[in-house]
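**Q** just the structure for this:
(2 chains)
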Amino acid sequence: MATRQITYLEAVREAMSLEMRENNDVFILGEDIGVYGGAFGVTRGMIEEFGPERVRNTPISEAAIAGAAIGSALTGMRPILELQFSDFITIAMDQMVNQAAKTRYMFGGKGKVPMVLRTPAGSGTGAAAQHSQSLEAWMAHIPGLKVVQPSTAYDVKGLLKAAIDDDNPVIFYEHKLLYKTTGDVPEESYKIELGKADIKREGTDVTIVATAIMVHKAMEAAVELEKEGISVEVVDPRTIVPLDKETIINSVKKTGRLIVVHEAVQRGGFGGEIVSVVAESEAFDYLDAPIKRLGGKEVPIPYNPKLERAAIPQVPDIIEAVKETVKNK
Amino acid sequence: MMVKTLKLPEMITEQKLKDLYKEMWLIRYFDEKVDQFFAKGLIHGTTHLCVGQEASAAGSIAVIGRKDKIVSTHRGHGHCISKEGDVNKMMAELFGRETGYCKGKGGSMHIADVEKGNLGANGIVGGGLPLAVGAALTSKMKKEDYVVLCFFGDGASNEGSFHESVNLAAIWDLPVVFICENNQYGMSGPVKEMTRVENIADRASGYGIPGHVVDGLDMIEIMNTVHEAVEHARGGNGPTLIEMKTYRWKGHSKSDAKKYRTREEEKEWREKDGIKRFKETLIDAGVLTEETAKQLQEAANQEIENAVKFAESSPEPSLDSLLEDVYA
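**A** Down below sits the predicted model:
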């Protein structure tokens, strides 16, 4: 496959555009996604190609546009809903949690809701407490939803195609600090199956399971630690629902040590679930050190840049955690 | 012939009027039966009965076609029956049986018949309005030419989803008819205390769409008004907000002592019974006689009795089905 370097943001746009060229049932709706190009510019240029019917600029009505996506999905369309910030899912919560997630089950297996809710998550932009959260654990808690957290441009393109093709409601969290990162991405369409983790770096001493931007921080930490003779394996689940338990368990069996890192507040975060999966598995017997979790501090995301950085795990925190975990190696 | 004496939409034939009369009794008998079973503890969970509100369901749905769709509410048994719902499957669902509409997993508040265009009852007040907008969006984008009737109550009209949905349907000229069944109370909250305007339909002007107030017990007025709104929507002119003034004879759900209203008020509304009124209209027009009316009523009663037998003799879902249908 011919590849070239594009950004994570361009990969989102490219995946949507390829699907929209292939399938007339796929369309996008969201606030300011028309000529403005969306809050982060993801849909820039799309209204010019696909027109205002298929790139639907909506009023600021998160509940209604989420419900419109669900209702259109239930009747044969494959909508992609863009919410400007993942924090705004709170305003669409009834529709996503009580309607989209449960419709099929409540109806006894009749009807399906093939939709994708795409939305940027995470801190690091100085947007403070209401525009910087990582709320993926809420969604992962709801049977009926799937939850995707891509960390690279390559993964974005393949996972977004899989999400659009999926017959269930999928929450697709894009990390806003990753939008400008670049990676090798094939030009043609390809799919990455939901529920397949990716070992981003192989190692033997410790497994770090990291999501979204924390994959990159874990990779940076791994490079530093290698200089000190510590071999780190970085596992990126890519989708937390469904979760590729097997890859995580096998990695822990190999390394005997586990650190889970995510940006979301540690208390009640998805890391607790990953840790439990390992603790309840045969990998438990292979553990040579206590499991560690690194997550966001129990605070709203603050405005000041120094405080904002301190609120979530950083590379030195990961390095320190690894050293502590491997000290009795 | 009667059709000359009653001003009605074209598709409402003499036979259709007779069918509608029977349908109203089907709705009433269904919910009366459910009420009895709850009282006896033969059905568990909860339910919301539409006894007294038969006309708004039957009259509205009478003027749409098979390809058209409805979005219903927690008080949705009547809507389902009117949209060609199968009373056997409905009763079986209330009994929690495998043969029910939702295989016993949904219960009263989640009965849907997607194939027949019933996109479902809804346990969330106001939860269905955005879904109706989405279904109407599909009609427009795929040029499927169907119209969506979106039922909701006076209570839902104070939800944010009402505002967002009506506005969205209005700006996109979507083929949806918003039908507010104002039964005077949101659970115990009197509409007069919870809403400042006299009519909920008065809010239509705030969205730049037509609004109508109709007597929700008058089948003829309901059919004509909804028909006009459906034509308006099908012509690409967007939504209409119709308010139907009606009354639920029973409490909000089970275990409602109805302390928030007087027995006198209940009596007044019961005397305005929509079924009785429709019968009188049809007899005056020569469509029904007392005798044929009685036969239709009895046939409805029999269908509900049969539905009970069907439900009672149906199997419970197997425990193996617990985890089925979470994902497609």
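**Q** show me the contacts for residue 126.
**A** Just so you know, I chose chain A. A:Tyr303, A:Pro305, A:Glu308 (Cβ atoms under 8 Å, 6 or more residues apart in numbering or on different chains). For the C-beta atoms, the positions are set from N, CA and C on the backbone; glycine is no exception.
**Q** actually, chain B is the one I wanted.
**A** Residues counted as contacts of B:Gly126 (Cβ under 8 Å, 6+ apart) are B:Phe152, B:Gly155, B:Ala156, B:Glu159, B:Gly160, B:Ser161, B:Phe162.
**Q** sec struct for it, please.
**A** State at B:Gly126, reduced to three classes by DSSP: H, G, I helix; E, B strand; the rest coil: coil.
**Q** any idea how far stretch A:205-218 is from the middle of the chain?
**A** Offset of stretch A:205-218 from its chain centre (Cα atoms, centre = their mean, to the nearest Å): 13 Å.
**Q** what's the burial count for A:Ala39?
**A** Counted with other Cβ atoms under 10 Å in any protein chain shown, residues neighbouring A:Ala39 total 19.
**Q** from chain B, how far out is it?
**A** A:Ala39 sits 19 Å away from chain B, going by Cβ to the nearest Cβ, to the nearest Å.
**Q** excluding covalently adjacent residues, which one is nearest to that residue?
**A** In this structure, A:Ala39 finds its nearest non-sequential neighbour in A:Gln84, 4.0 Å apart by Cβ to Cβ, 6 or more residues apart in numbering or on different chains.
**Q** can you check the pLDDT for B:Met2?
**A** Listed pLDDT for B:Met2 reads 55.
**Q** re earlier: narrow the contacts of A:Gly126 to those in helices?
**A** Within these, residues falling in helices by DSSP state H are A:Pro305, A:Glu308.
**Q** just the buried ones from the contacts of A:Gly126, in PyMOL syntax?
**A** The PyMOL command for the buried members of these (criterion: 16 or more other Cβ atoms under 10 Å in any protein chain shown) is given here:
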select buried, chain A and resi 308
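**Q** nearest to chain B, of the contacts of A:Gly126?
**A** Distance to chain B across those (Cβ to the nearest Cβ) is lowest for A:Tyr303, with 28.4 Å.
**Q** which ones are touching the closest residue to A:Tyr179 other than its chain neighbours?
**A** Nearest in space to A:Tyr179, with sequence neighbours left out and distances taken as Cβ to Cβ, 6+ apart, is A:Leu9 at 4.0 Å. Applying Cβ under 8 Å, 6+ apart to A:Leu9 gives the contacts A:Phe40, A:Gly41, A:Val42, A:Tyr179, A:Lys180.
**Q** count the neighbours of the residue nearest to A:Ala39 for me.
**A** Neighbours of A:Gln84 under the rule other Cβ under 10 Å: 18.
**Q** over to A:Gly34?
**A** A:Gly34 has 19 nearby residues by other Cβ under 10 Å.
**Q** what sits against the residue lying closest to it once chain neighbours are set aside?
**A** Closest residue in space to A:Gly34, ignoring its immediate chain neighbours: A:Asn57 at 3.8 Å, by Cβ to Cβ, 6+ apart. Going by Cβ under 8 Å, 6+ apart, A:Asn57 touches A:Gly30, A:Glu31, A:Asp32, A:Ile33, A:Gly34, A:Ile47.
**Q** which among the contacts of B:Gly126 count as buried?
**A** Counted by 16+ other Cβ under 10 Å, the contacts of B:Gly126 give B:Phe152, B:Gly155, B:Ala156, B:Glu159, B:Ser161, B:Phe162 as buried.
**Q** mind listing the strands for chain A?
**A** Remark: strands assigned in chain A by DSSP state E are A:3-7, A:26-31, A:55-58, A:78-82, A:116-121, A:146-148, A:170-175, A:182-186, A:198-201, A:206-210, A:232-236, A:239-241, A:258-265, A:292-296.
**Q** that older thread, tell me which entries of the contacts of B:Gly126 lie within strands.
**A** Those of these lying in strands (DSSP E): B:Phe152.
**Q** filter the contacts of B:Gly126 down to the ones near chain A?
**A** B:Gly160, B:Ser161 (Cβ under 8 Å from any Cβ of the partner chain).
**Q** export the contacts of B:Gly126 to CSV and tack on distance to A:Lys217 and pLDDT?
**A** Listed next are these as CSV, based on distance: Cβ to Cβ, whole Å; pLDDT from 0 to 100:
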residue, distance to A:Lys217, pLDDT
B:Phe152, 48, 98
B:Gly155, 49, 97
B:Ala156, 46, 97
B:Glu159, 42, 97
B:Gly160, 39, 97
B:Ser161, 39, 98
B:Phe162, 45, 98
